[in-house]
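[1] With the input below, show me the fold.
(one chain, ligands or ions: 1)
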Amino acid sequence: MASSDTIFGRILRGEIPCQEVYADDLCLAFRDVNPQAPVHVLVIPREPIPQLGEATDAHQALLGNLLLVAAKVARLEGLESWRTVINSGAEAGQTVFHLHLHVIGGRPLAWPPG
Ligand code: 5GP
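    As a prediction, this is how the structure comes out:
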């Protein structure tokens, strides 16, 4: 399945709704439908890269933008501490094969994750 055909591709194309938190030319941030904490936002690139392991040197600026937007989202949500997670690959827990950063916060977070 091409990653533009994932559920996130459909969200980017406006075919299904999302609760948008932030958007710019390179990415979109929206609330996770199944939040694991009081704040759980996903930041996705508009370009449908399936997973971090498939990003190339050509994506350097885009990947930097995703991290900066994660921090911007945390600030917008009033978080002083938060966790940014990227699951890359099925065994790491990735279920949607369109690269995305989780921004999770608003409660104490244990380490290590499961
Ligand atoms: P992954 O497990 O791939 O790292 O994360 C995928 C995330 O996407 C999950 O946390 C899941 O709850 C979220 N998700 C799946 N489908 C939808 C959807 O249709 N809308 C939104 N907002 N989040 C979704």
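
[2] Quick check, pLDDT for the closest residue to Leu79 other than its chain neighbours.
    In space, and not counting its chain neighbours, Leu79 is closest to Gly105: 4.2 Å by C-beta to C-beta, 6 or more residues apart in numbering. C-betas here are computed from N, CA, C, even on glycine. Looking at Gly105, its pLDDT stands at 98.

[3] So Gly105 is in contact with Pro35, correct?
    No: using C-beta atoms under 8 Å, Gly105 is not in contact with Pro35, being 10.7 Å away.

[4] Of these two, which one has the most company?
    The neighbour comparison of Gly105 against Pro35 (other C-beta atoms under 10 Å) goes to Gly105, with 21 against 13.

[5] so what's the more buried one up against?
    37-39, 74, 77, 79, 81-83 (C-beta atoms under 8 Å, 6 or more residues apart in numbering).

[6] Specify which member of those is nearest to Arg31.
    Comparing the contacts of Gly105 against Arg31 with C-beta to C-beta places Val39 closest, at 8.5 Å.

[7] my read: the closest one touches Ile104, true?
    Yes: in this structure, Val39 is within contact of Ile104 by C-beta under 8 Å, at 6.8 Å.

[8] which residues do these two both contact?
    Trp82.

[9] give the contact list for the closest residue in space to Ser88 that isn't next to it in sequence.
    In this structure, Ser88 finds its nearest non-sequential neighbour in Leu52, 4.2 Å apart by C-beta to C-beta, 6+ apart. Residues near Leu52 by C-beta under 8 Å, 6+ apart: 86, 88, 99.

[10] how about the residues of this structure that lie near the ligand?
    Residues of the chain found near the ligand (C-beta under 6 Å from any ligand atom) are 7, 18, 30-34, 42, 87, 93-96.

[11] where does this structure dip in pLDDT?
    1-4 (pLDDT under 70).

[12] can you tell me which strand in it is longest?
    In the chain, with assignment by DSSP state E, the single longest strand is strand 39-45.

[13] Thank you, goodbye.
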